[in-house]
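Novice: generate a structure from the sequence data that follows.
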Amino acid sequence: MTTYFVYVLRSDKDLKFYTGYTINLDNRLKQHNEGKVKSTCKRIPFRLVYFEGCFNEKDALHREKYLKTTYGKRYIRNRLKNSLS
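Specialist: This is a model prediction of the structure:
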């Protein structure tokens, strides 16, 4: 069974979040930090601050979209309030 990871990265450069999903979390984080992802290459380095696992790609995509909304960003900030300070 394939696991899809929804992840949130935080840029050390601008302290902003990036949210995505993948089946290989280690490889995807490496791609982000090597500047191989067009949408994040100007904001490296990144730290993985949060991830969730889903067994269905549609569920992962739905969760990713939610975490990109205002409510989703609020959820992440509240979830990580102790580790981001």
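Novice: any low-confidence regions in the protein?
Specialist: 85 (pLDDT under 70).
Novice: can you pull out the strands in it?
Specialist: 4-11, 17-22, 46-54 (DSSP state E).
Novice: and these as a markdown table, adding mean neighbour count and distance to residue 71?
Specialist: C-beta coordinates here come from the backbone N, C-alpha and C atoms, glycine included. Converted to a markdown table, those look like this (neighbours: other C-beta atoms under 10 Å; distance: least, C-beta to C-beta, whole Å):
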| stretch | mean neighbour count | distance to residue 71 |
| --- | --- | --- |
| strand 4-11 | 21 | 14 |
| strand 17-22 | 19 | 13 |
| strand 46-54 | 16 | 15 |
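Novice: in TSV, list those along with distance to residue 60.
Specialist: What follows is the strands of the chain, written out as TSV (distance: least, C-beta to C-beta, whole Å):
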stretch	distance to residue 60
strand 4-11	4
strand 17-22	4
strand 46-54	4
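Novice: all helices of this structure, in order?
Specialist: 25-33, 57-67, 70-79 (DSSP state H).
Novice: mind putting the ones you listed into a markdown table with distance to residue 48 and mean neighbour count?
Specialist: Shown next, in a markdown table, are these (distance: least, C-beta to C-beta, whole Å; neighbours: other C-beta atoms under 10 Å):
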| stretch | distance to residue 48 | mean neighbour count |
| --- | --- | --- |
| helix 25-33 | 6 | 16 |
| helix 57-67 | 14 | 16 |
| helix 70-79 | 12 | 12 |
